[in-house]
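Student: starting from these lines, generate the structure:
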Amino acid sequence: MTPRLELTGISKRFAATAALTDVALRLLPGEIHALVGENGAGKSTLVKTIAGVHQPDAGEIRLDGERITIPSPAAARAMRIAVVHQEPRLFPDLSVAENIFLIAPPTDRLHTIAWREMRRRAANLFEQLDVKMDVSAPVRGLSMADQQLIEIAKALSLDARVLILDEPTASLSTHEVERLFTIVRRTKERGVGVLFVSHRLDEVFALCDRATVFRDGRHVITAPTSELTTASLVRHMVGREVSLFPKEASTLGEPLLEVRGLSDAAGFRDVSFTVRAGEILGLAGLVGAGRTEIARVLFGIESRTAGEVLLDGKPVNFRSPSEALRAGIAYVPEDRHQDGLVLDFSIANNITLPILPRLFPRLLLRARVEDEVARSFSEPLRVRATGVGQAVSALSGGNQQKVVIAKWLATKPRVLILDEPTRGVDIGAKVEVHRIVSELAATGLAIVMISSDLPEVLAMSDRILVLHEGRVAAEIARSDASEERVMFAATGQVEAAAAGAGHGG
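Tutor: Below you'll find the predicted structure:
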């Protein structure tokens, strides 16, 4: 069978860094092919090479047996190569439909944009995805999950021969992932070659026919997923044995954070829970269930409309993040680019940003002190960089996420809220993040962990609070938790989840 896409001998250097060295990949028609590896393994460079963003220094690319060059993203689209990037790339002030058909909008006989036809086609794409979306609404303000679905609809609009999905599920709930997988399988049946880049190994085994592993810019192995195991795949990726979800046992102390009857204007209603010192409370639920909204109210970003919050048994009402920060609450946000980092700043600048008044009360910055503090928090997280003076924008996604976590750990919080802490993070970095979170809990930190990654929630949480449409649907003890119980509650089937409910606070 002639490969739909074939790359041989591809190499790419950026100054002194070899991003890819003599790598090969064969993507067959009607195949879903996983590309996996740690951050910095070369996956993104290969994707950008296929997408026309980068030009290879050596090697050749063939599409349906014909040797091609891809000089630009526009050329890739003309060849019907569609890419869904990990971070949505949308124009916030344009509508959903305008973003989808930005490159080639439908036109009428007068060669002007056929607005009604554009909206009809956009609506049809979301019907295929089984998603309700107002295609006339502006993108600004939409959740990361909705933005990712718009990117997927853009790719479907190209009628692609090759579809590249770069971490497409990072912002999606389990239910939305299943819908996406249904679409991808339909796409496969039409003979499209699908390249699926993901750090979620359970998805690789659930969806993909074959897997290719990159490590340090080199091809390690390509094999049918039926011949691989999670352990063997991880070993190929990191070059060593690792233990997934390294949770330490911790002794639970007194309640640190208590939430009673909390509500906001739109996101959630009558939410109550307690988090003890040393405890990891997992917040599970579908995207839009209100998990992030709760975190934003607790950190003083949004206002509550009812209920109370107690810290160390004393009522608090934070009117700003700085007030929450001074009280000992830190929040690692879901969207690291929008809310977590100043991309043009260095690692050191980012890590010390929340604690500048504490570090330099006389407003005289000392670079040496700043660098020392940054190193003390970035090194335990094993941030891969040339040094703490490197710009955050030059780091891989996983290393950027580790800088966000280091930044908030530098505030020395007592309560740490983590919103999708391992979104877009490779398996090696994920293990390190889990290790750090577990060690922090063991030192007496109270942790609220919001995650759409069910295996992560089940493995890392002492208790799980499941939200459905803004309300608490179930509270499940660690010993009683299972994917089925959590998903039953998350989809509103409370009775089925209640059998596993436990109350630990």
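Student: where exactly do the helices run in the stretch 51-200 of the chain?
Tutor: 73-78, 96-100, 115-128, 144-156, 174-189 (DSSP state H, counting those that start in this stretch).
Student: wait, I meant the stretch 351-500 of the chain
Tutor: Using DSSP H, counting those that start in this stretch, helices in the stretch 351-500 of the chain cover 356-359, 367-378, 397-409, 427-442, 454-460, 483-490, 494-498.
Student: try the stretch 201-350 of the chain
Tutor: For the stretch 201-350 of the chain, helices defined by DSSP H, counting those that start in this stretch occupy the ranges 201-207, 230-238, 291-298, 321-327, 347-352.
Student: alpha carbons only: can I get stretch 161-171 in PDB?
Tutor: Presented in PDB, the C-alpha positions along stretch 161-171 are these (Å, rounded to 0.1, in the frame of the first residue of the first chain):
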ATOM      1  CA  ARG A 161      -6.100  13.800   3.000                       C
ATOM      2  CA  VAL A 162      -3.800  14.000   6.000                       C
ATOM      3  CA  LEU A 163      -5.200  15.100   9.400                       C
ATOM      4  CA  ILE A 164      -2.700  15.900  12.200                       C
ATOM      5  CA  LEU A 165      -4.100  16.200  15.700                       C
ATOM      6  CA  ASP A 166      -1.500  17.800  18.100                       C
ATOM      7  CA  GLU A 167      -2.700  17.200  21.600                       C
ATOM      8  CA  PRO A 168      -6.300  17.700  20.600                       C
ATOM      9  CA  THR A 169      -7.800  16.300  23.800                       C
ATOM     10  CA  ALA A 170      -5.700  18.400  26.200                       C
ATOM     11  CA  SER A 171      -8.700  20.700  27.100                       C
END
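Student: where does pLDDT dip in this protein?
Tutor: For the chain, the stretches with pLDDT under 70 are 171, 173, 240-246, 494-505.
Student: between the helices of the stretch 51-200 of the chain, which gets nearest to residue 204?
Tutor: Proximity to residue 204 (Cβ to Cβ) singles out helix 174-189 among the helices of the stretch 51-200 of the chain, at 11.6 Å. Just so you know, the C-beta spots here come from the backbone N, C-alpha and C atoms, and that holds for glycine as well.
Student: which parts of the closest one are buried?
Tutor: Within helix 174-189, the residues scored as buried using 16 or more other Cβ atoms under 10 Å are 174, 176, 177, 179, 180, 181, 183, 184, 187, 188.
Student: right, and the last one touches residue 31 too?
Tutor: To tie it back to what came earlier, the one meant is residue 188. Yes - using Cβ atoms under 8 Å, residue 188 is in contact with residue 31, at 7.0 Å.
Student: thinking again about what came up before, turn the buried residues of helix 174-189 into CSV, including distance to residue 207.
Tutor: Below are these laid out as CSV (distance: Cβ to Cβ, whole Å):
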residue, distance to residue 207
174, 13
176, 14
177, 9
179, 13
180, 9
181, 6
183, 11
184, 7
187, 11
188, 9
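Student: and which of these is nearest residue 74?
Tutor: Nearest to residue 74 among the buried residues of helix 174-189, counting by Cβ to Cβ, is residue 187 at 22.1 Å.
Student: the closest one: what's it in contact with?
Tutor: 156, 160, 163, 194 (Cβ atoms under 8 Å, 6 or more residues apart in numbering).
Student: what does residue 114 give?
Tutor: Residue 114 touches 105, 106, 107, 108, counting by Cβ under 8 Å, 6+ apart.
Student: do that again at 10 Å, thanks
Tutor: By Cβ atoms under 10 Å, 6 or more residues apart in numbering, the contact set of residue 114 is 101, 105, 106, 107, 108, 120, 121.
Student: could you tell me how far it is located from residue 354?
Tutor: Distance of residue 114 to residue 354, given as Cβ to Cβ, to the nearest Å: 49 Å.
Student: can you redo the helices of the stretch 51-200 of the chain as TSV with distance to residue 305?
Tutor: Output for the helices of the stretch 51-200 of the chain, formatted as TSV (distance: least, Cβ to Cβ, whole Å):
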stretch	distance to residue 305
helix 73-78	45
helix 96-100	29
helix 115-128	31
helix 144-156	24
helix 174-189	28
